[in-house]
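K.L.:
mind looking at a prediction? Sequence and model below.
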Protein chains: 4
Amino acid sequence: MAESAKPHGMQPEETPELAELYAGFARHSIMPLWTQIGDLMPRHPRPKAVPHLWRWADLYPLAQKAGELVPVGRGGERRALGLGNPGLSGNAYISPTLWAAIQYLGPHETAPEHRHSQNAFRFVVEGEGVWTVVNGDPVRMGRGDFLLTPGWNFHGHHNATDKPMAWIDGLDIPFSYQNDVGFFEFGADRVTDYATPDISRSERLWCHPGLRPLSGLSDTVSSPIGAYRWEHTDRALNGQLLLEEEGHPATIAEGHAAIRYINPTTGGDVMPTIRAEFHRLRPGVVTQRRREVGSSVFQVFEGGGRVELGEQSHSLEMGDLFVVPSWVPWTIAAESQLDLFRFSDAPIMERLNFARSAVGPDA
Amino acid sequence: MAESAKPHGMQPEETPELAELYAGFARHSIMPLWTQIGDLMPRHPRPKAVPHLWRWADLYPLAQKAGELVPVGRGGERRALGLGNPGLSGNAYISPTLWAAIQYLGPHETAPEHRHSQNAFRFVVEGEGVWTVVNGDPVRMGRGDFLLTPGWNFHGHHNATDKPMAWIDGLDIPFSYQNDVGFFEFGADRVTDYATPDISRSERLWCHPGLRPLSGLSDTVSSPIGAYRWEHTDRALNGQLLLEEEGHPATIAEGHAAIRYINPTTGGDVMPTIRAEFHRLRPGVVTQRRREVGSSVFQVFEGGGRVELGEQSHSLEMGDLFVVPSWVPWTIAAESQLDLFRFSDAPIMERLNFARSAVGPDA
Amino acid sequence: MAESAKPHGMQPEETPELAELYAGFARHSIMPLWTQIGDLMPRHPRPKAVPHLWRWADLYPLAQKAGELVPVGRGGERRALGLGNPGLSGNAYISPTLWAAIQYLGPHETAPEHRHSQNAFRFVVEGEGVWTVVNGDPVRMGRGDFLLTPGWNFHGHHNATDKPMAWIDGLDIPFSYQNDVGFFEFGADRVTDYATPDISRSERLWCHPGLRPLSGLSDTVSSPIGAYRWEHTDRALNGQLLLEEEGHPATIAEGHAAIRYINPTTGGDVMPTIRAEFHRLRPGVVTQRRREVGSSVFQVFEGGGRVELGEQSHSLEMGDLFVVPSWVPWTIAAESQLDLFRFSDAPIMERLNFARSAVGPDA
Amino acid sequence: MAESAKPHGMQPEETPELAELYAGFARHSIMPLWTQIGDLMPRHPRPKAVPHLWRWADLYPLAQKAGELVPVGRGGERRALGLGNPGLSGNAYISPTLWAAIQYLGPHETAPEHRHSQNAFRFVVEGEGVWTVVNGDPVRMGRGDFLLTPGWNFHGHHNATDKPMAWIDGLDIPFSYQNDVGFFEFGADRVTDYATPDISRSERLWCHPGLRPLSGLSDTVSSPIGAYRWEHTDRALNGQLLLEEEGHPATIAEGHAAIRYINPTTGGDVMPTIRAEFHRLRPGVVTQRRREVGSSVFQVFEGGGRVELGEQSHSLEMGDLFVVPSWVPWTIAAESQLDLFRFSDAPIMERLNFARSAVGPDA
């Protein structure tokens, strides 16, 4: 097996003595490395998670139906439909580290307040009308907005309108569960503030480019910004493409504009475990083939194209979500202008020094 | 259930429509949060891993027997007996993040060279005679020594004597496997240098207190020190206890001396995922009850005592190993002077901001 | 002398032998500490620089007159009138570390390009019509804007209009000169780009709140933002005062809003040696008496009030500049709403661990 | 003037109007840039400080004589002979940032305790018998030892023997004085502890290679190590030369071993303003010509050779001290094995981003 370090001829002969030794191992909670090393320590990451794409056209109707049949409230906490990676059966894990779900809130419903160690964000591919209340600060959710609920902040949601609304939740639930790091606490059964301001207090304090309030000079682990608005993201991406047209360096590749959402107190990622970015490809652009350690999830915000995911190939339409497990090569081709939201576990990989990537046709 | 956020009365009524919805979920690789949240997001960490103690008196004879029956060489790579946490059945994981094993090398045997992303160390509770060759630098292994093989360094071992030798290996294999970050590469089938110097080149360059070679001014992700010698550890611990006797601050609690092994280029942990420490308790000292997020493994180096691990209680003797899973309370009581080696995944918890602890009788 | 460590009775008796010793010292370029320690190492900073205020009503006419009489061009480089601290006679130093000048550019004049190690900024208290071209990027200068030229960036200015314009320059020239760190290089005799865009390329790439271009992921020593626009500063300050009115934490003291200009790649100061801030006091607000290690310069942007500077007291009007040397106590009282631009050498003090402050009536 | 940016033909014509303008400047504490820029902002650093060498053979007898004639005690504080750079007349500054002095303590004398913001160290080129007491911890001073008194630590010295002792003090007094950052406080008139241990408490806690006390996990601005012993320095340098002989990378250039003294909590410089290193050159080695921003002081610890300092050339003997001002090229040639202690203001230059160097024959 060229690709693995699987055990082979070096395995010991199966004798009664060996059987007895192995029985001794079992009695004493011991397992030998030599029978396992090929699986445990492969030549390169061989994730159980598989590349997969979920169609918005499938997800949204199911969410609507859940809106009719499943109440939201204390205990279940959220009407969230987790995307379960087919390779990680039995868990609603989109990858070993990440959780992605479509959450749905009917007219005038409230999802009660709670807090947890897990870091969370929301991204809105369509709709409006819900406010998420984070530590008492009501944050409007609108199309294209990226909204934060870092670990251990109380948060609830309420729909202030007569129409339902759905959006995407991203969290580090699998990582947290696997590594036994999670705490959870219930808060108010209703949200603590039903006000519906256009702009949250966090934005009023923090969303002035290049300016930092003197009342907020201590760096924070996660971003203090509650909402990253679509108008800023859109303008930043357009700005890059126009600069490129004028002959100045601005994009990361020809016809490929991209921003990272950051913590303004450090310039780094918004939360310790989750990176979030937004990419815009001009029509006809094809990204370079690329592999990365760690897993990513993309959602198509607008436009159409195709993605190659290892051996798979999928067309892309508005709202579709796909996951790229660790070291699976991927390429995206834009047919129309293609806008993509992306999130990943890259901060974990970088902080623990496991990040690696390969780019190019041979990657 | 006071201790969990388990779903309860809020679960929807089981109707044919709901069944159809759930079938739709299944067809589209979706799992609802509301049926799972209590398990996925408990009030506090509820590890599947259990506290457990392995007796050196059990381990060593099994290692000896393996020495007779199981060859060491390319493919199996190492004669290593992994300690499998009884709560994590089917894997040789001592915790969700950590691997601990006893490795055994017979007279004049060689474990071939390889390298991998996984970070590794060795700790020697008894014996001598093996050299580990790390990127070509032969490092003597002796009783009480702590030896590093950070990720992606080639390494092999050879026993230069007529006697077998056993020691403990610690790695981040479970973390690496779970998160799909591992690369592996074979090296030489024999070690590249059979020299048997007392002191490695890494020590000759780096083990001068407070001094840094000008040829090594770039900080390194992991420590450049190959071996942390027992004589230094022992002297540092004695120094703390003597300073305490003389009335000066030096210990972390009365009668409790402790050091952390560090990367001299940063003053931080030796490797990005693993912390290692050595503790010395005077006879009669009982540590405060303590819970911590993340998992730890202790090995008794010398002396005797007891450990309380959640509901369990174990006597401690030389060589015994025990694991403390996340948030399990623990207390150690020294009968004689008690020397303990400890390693943990604390750098993961701290770098990702999940670290938490509670100390005191109510912890 | 209660306040000093001046030498006193411990001075040796003046004998012929001592005179000979002192002569030996002189011959060998030696000076004894014991005759100097009181001056060299006072109980607290005793700056030679004195608090001082310059009136805009004096400065601007002199700048205008210089505009008539003094050409601008290669060699003299800039028509800049340095504010010379009366305590630091002979040098145009406003403090031991900082340079502040009023610069004046007549209609259609060009100040040629050059670059230097010294870090520079401009702040515009009134007027418009000049573009500063920084490494080829034309940056419009308007009232209330704060503009950067970090060390070793080529820059020139040109006035695109029929009216003159004046503004304030701030640099670390004294620090650079004193410590022999400066390099200087001539660039183009004309600016490299006479375009007059509203918004610079640096702003188009970097001025989107919470967003970072993926093409700019390497942190930079100084801010990549060329212009911090008045509209953002004004909005940020108003936001803080409104939040305060609504009962939320936002200001640094009651009625006192303030922002710091930052490097978005780090969240830290805009340049390694200079901090810049903007303060807004509501009418009637009086700041707490405060002393700080390091020197600061304030310019009144709008409104009126008074400043107490050690023993001095000055009324404040639009455009007035004053310097607060190290450890001189200061208090500002706002009569109308008072807007103040401030810059200081605080990054030097903090990075070298000399920062200290005292606040309150006894400070 | 190729080397300067001196003003030239661009100076305005000297008319009565200009004279009146200049008089207006003077009245209002204004100085124009255009008459000064060539001096203020030269093409490269042009220090007033000059390269200079002081002979130990001159210094030591003067110190002895001062020992006879000048008492040591409260007020004068120290019997320290500052080396005054001939280019910086009137101040005992060896460079714009650094102070270097020979300090002398007669048999059984005490230099009283005080503390100050200024960072200090001592280096011992010969002799023994004095203990420096730093925050109550008595630290033996011996030949080749490097001893720290970081800012704001109380310290005094006493000679426990019947023989006098001299050593070198290094501080950042000029930097501190120039920038008005210094505080000073008297302590005990006698030292607080006359004990004479071989090893200080700081060493007992901190001088174990690669080990950090758990009681000292908070990083400190300056090194917690009171004494860096000669035996460690000597062994580290020999180790590098032996490794080089064996064919392994260890030295910074052929035949040139060097270490930096570091803060073990960070791996960085011992104090925020001062770097200290020790260099050993094999006989016949000549260092590359080198220029650096910032100033350095060297003391010959043992051996002989020559130094080229800009246009100067000096022979080197035991104890000789020389200063290299900013951007002055220097080359050292070893006749015998040459051991050199070096200290500099490099941390200032690096932290403020002014560091630059040029190496090679054209530097």
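P.N.:
Everything's here; your move.

K.L.:
helix or strand right after the helix or strand of chain A with the lowest mean pLDDT?
P.N.:
Considering only helices and strands, the least confidently modelled element of chain A by mean pLDDT, DSSP states H and E is helix A:37-40, at a mean of 85. Once the chain leaves helix A:37-40, the next helix or strand it forms, by DSSP states H and E, is strand A:52-54.

K.L.:
three-state assignment of residue A:343?
P.N.:
strand (DSSP: H, G, I helix; E, B strand; the rest coil).

K.L.:
touching, it and residue A:97? I think so.
P.N.:
No. With the criterion set as CB atoms under 8 Å, residue A:343 and residue A:97 do not qualify as a contacting pair; they are 10.7 Å apart. Bear in mind the C-beta positions are built from the backbone N, C-alpha and C, glycine included.

K.L.:
tell me how chain A divides into domains.
P.N.:
In the assignment given by automatic domain parsing, the structural domains of chain A cover A:1-43, A:52-216, A:228-359.

K.L.:
Serialize the ones you listed to TSV and add fields for distance to residue B:171 and mean neighbour count.
P.N.:
Formatted as TSV, the entries for the domains of chain A read as follows, by distance: least, CB to CB, whole Å; neighbours: other CB atoms under 10 Å in any protein chain shown:
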stretch	distance to residue B:171	mean neighbour count
domain A:1-43	9	16
domain A:52-216	16	21
domain A:228-359	13	20
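
K.L.:
coming back round to it: which elements pack onto the least confident helix or strand of chain A?
P.N.:
Taking 3 or more CB pairs under 8 Å, 6 or more residues apart in numbering or on different chains; DSSP states H and E as contact, there are no helices or strands that helix A:37-40 lies on.

K.L.:
how about 10 Å then?
P.N.:
Judged by 3 or more CB pairs under 10 Å, 6 or more residues apart in numbering or on different chains; DSSP states H and E, helix A:37-40 is in contact with strand B:110-116, helix B:173-178, strand B:184-186.

K.L.:
relative to residue B:58, which of the ones you listed is closest?
P.N.:
Ranking those by proximity to residue B:58 (CB to CB) places helix B:173-178 first, at 21.9 Å.

K.L.:
and that closest one, what does it pack onto?
P.N.:
Using 3+ CB pairs under 10 Å, 6+ apart, the elements in contact with helix B:173-178 are helix A:37-40, helix A:173-178, strand B:99-105.

K.L.:
any chance of JSON lines for the ones you listed, columns distance to residue D:310?
P.N.:
Supplementary listing: the helices and strands packed on helix B:173-178 in JSON lines, determined by distance: least, CB to CB, whole Å:
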{"stretch": "helix A:37-40", "distance to residue D:310": "63"}
{"stretch": "helix A:173-178", "distance to residue D:310": "60"}
{"stretch": "strand B:99-105", "distance to residue D:310": "60"}
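
K.L.:
list just the one of the ones you listed that sits closest to residue B:23.
P.N.:
Comparing the helices and strands packed on helix B:173-178 under CB to CB, the one sitting nearest is helix A:173-178, at 24.0 Å.

K.L.:
chain center to the closest one: distance?
P.N.:
Average the C-alpha atoms of helix A:173-178, do the same for its chain, and the two points are 13 Å apart (CA atoms, centre = their mean, to the nearest Å).

K.L.:
then that helix to PDB, C-alphas only?
P.N.:
This file holds the C-alpha atoms of helix A:173-178, laid out as PDB (Å, rounded to 0.1, in the frame of the first residue of the first chain):
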ATOM      1  CA  ILE A 173     -19.100  21.800  18.800                       C
ATOM      2  CA  PRO A 174     -17.300  18.600  17.600                       C
ATOM      3  CA  PHE A 175     -13.900  19.900  18.700                       C
ATOM      4  CA  SER A 176     -15.400  20.900  22.100                       C
ATOM      5  CA  TYR A 177     -17.200  17.600  22.500                       C
ATOM      6  CA  GLN A 178     -14.200  15.400  21.500                       C
END
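
K.L.:
quick one, phi/psi of the closest residue to residue A:56 other than its chain neighbours?
P.N.:
Distances taken as CB to CB, 6 or more residues apart in numbering or on different chains put residue A:319 closest to residue A:56, at 2.5 Å, once the chain neighbours are dropped. The phi/psi pair for residue A:319 (degrees, to the nearest 10) reads phi 90, psi -20.

K.L.:
go ahead and confirm residue A:319 touches residue A:54.
P.N.:
Yes. Under the criterion of CB atoms under 10 Å, residue A:319 lies in contact with residue A:54, with a separation of 9.1 Å.

K.L.:
which neighbours do those two have in common?
P.N.:
Taking CB atoms under 10 Å, 6 or more residues apart in numbering or on different chains as the contact rule, the neighbours common to residue A:319 and residue A:54 are A:102, A:299.

K.L.:
out of the helices and strands packed on helix A:37-40, which comes closest to residue A:201?
P.N.:
Using CB to CB as the criterion, the shortest distance between residue A:201 and the helices and strands packed on helix A:37-40 is 38.3 Å, found for helix B:173-178.

K.L.:
list phi and psi for residue A:155.
P.N.:
Per degrees, to the nearest 10, the backbone of residue A:155 is at phi -160, psi 140.
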